[in-house]
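[1] Only the shape, not the letters, is given here:
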């Protein structure tokens, strides 16, 4: 008789599993390398987020600078060039000069005036006069800073002095006066007063005098003035080192005589 035996099914399955596992190749990866492979994506994400933050911050700073620059340009350049017509005046007045009246009679003064009520300043441009004896000039009266600047176009030099509010009308009052002159309802008094100023030193930093005077006198020789105490009448022939600027900034014409301190007329 033959002997029949049965092998457990678990043994057959185990052997089959062992044969399958034997066909597989096992690759061992060091733990450090596994850690590095897992950490690389995290670092990349952090670097990307950091770069995005830097770009965002830089863009904000750049845009802020552009906005501030645009506001500055619009305020001090565009607005001033686009003043309403009622704040721009062309003046032409007749007056009698105290020195030349017997010879020339009544004389004519022309000038253009720009008034800025918002920034509280006046700008006067005096072209070369037809009769001579006076220099062409640009004048700034800055009521906010309390300063006046004269740019003598003939000499290509600037002069700065404290604003004389006893002579210079405030912007709103001067605008009303010139508006009445434009309408023909009022004419300024046809006489001239004289003021004498003397150079006392050079100004090396014009920027500290404000944006309007800096715009007028920047990159030009600029000198500081003071009023001469003498009240006598000024004879131009006795003051060869003086230059006069005639302008209208009140109900009368003003002749500003600017003299060198060492060579000007004696007091």
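    It's in. These figures come from a predicted structure and were not determined experimentally.
[2] for the record, mean pLDDT for the strand or helix carrying residue 53?
    Of the helices and strands defined by DSSP states H and E, residue 53 is found in helix 31-73. Taken as a whole, helix 31-73 has a mean pLDDT of 66.
[3] what sits up against the strand or helix carrying residue 215?
    When secondary structure is defined using DSSP H and E, the element that contains residue 215 is helix 211-217. Taking C-beta atoms under 8 Å, 6 or more residues apart in numbering as the criterion, the residues outside helix 211-217 that touch it are 76, 119, 121, 123, 138, 140, 142, 145, 147, 149, 151, 158, 160, 206-207, 209. The C-beta positions use only the backbone N, C-alpha and C, and glycine is treated the same way.
[4] okay, now the closest residue to residue 143 other than its chain neighbours: neighbour count?
    With C-beta to C-beta, 6 or more residues apart in numbering as the criterion, residue 143 has its nearest non-adjacent residue at 4.4 Å, and that residue is residue 120. The criterion is other C-beta atoms under 10 Å. On that basis, residue 120 has 15 neighbouring residues.
[5] can you check residue 206 too?
    When neighbours are counted by other C-beta under 10 Å, residue 206 registers 19.
[6] Verify the stated contact: it with residue 222.
    Yes - with contacts counted by C-beta atoms under 8 Å, residue 206 reaches residue 222, the gap being 5.4 Å.
[7] Between the two, which contacts overlap?
    residue 158.
[8] As a check, name the ranges of all helices in this protein.
    With DSSP state H, the ranges of helices along the chain come out as 9-23, 31-73, 79-81, 101-104, 171-183, 211-217.
[9] circling back to that earlier point, now the helix holding residue 215: buried residues?
    Using 16 or more other C-beta atoms under 10 Å as the test for burial, helix 211-217 gives 211, 212, 213, 214, 216, 217.
[10] So which of those residues is the closest to residue 61?
    The shortest distance between residue 61 and any of those, using C-beta to C-beta, involves residue 211 and amounts to 24.2 Å.
[11] For the closest one, report the pLDDT, please.
    According to the predicted model, the pLDDT of residue 211 comes to 94.
[12] Check the gap between residue 174 and residue 210 for me.
    Residue 174 sits at a distance of 19 Å from residue 210 (criterion: C-beta to C-beta, to the nearest Å).
[13] do residue 89 as well
    Separation of residue 89 from residue 210 (C-beta to C-beta) stands at 23 Å.
[14] before we move on, what about residue 121?
    Remark: distance between residue 121 and residue 210 (C-beta to C-beta) = 9 Å.
[15] quick one: common contacting residues for those two?
    Shared contacts of residue 121 and residue 210 (C-beta under 8 Å, 6+ apart): 142, 144.
[16] Show me which of those two is the more surrounded one.
    Regarding residue 121 and residue 210, a neighbour count based on other C-beta under 10 Å identifies residue 121 as having more, with 23 against 19.
[17] which residues does the more buried one bridge with?
    On the basis of DSSP bridges, residue 121 is bridged to residue 116, residue 142.
[18] which residues does the nearest residue to residue 223 once chain neighbours are set aside contact?
    In space, not counting the residues next to it along the chain, residue 223 is nearest to residue 199; the distance is 4.9 Å by C-beta to C-beta, 6+ apart. Going by C-beta under 8 Å, 6+ apart, residue 199 touches 159, 223, 224, 225, 258, 259, 260, 261.
[19] What's the local residue count around the last one?
    Just to be clear, that refers to residue 261. That count, for residue 261 with other C-beta under 10 Å as the rule, works out to 14.
[20] what separates the nearest residue to residue 221 once chain neighbours are set aside from residue 243, distance-wise?
    What sits nearest to residue 221 in space, not counting adjacent residues and going by C-beta to C-beta, 6+ apart, is residue 157, at 4.9 Å. Spatial separation of residue 157 from residue 243 under the definition C-beta to C-beta is 9 Å.
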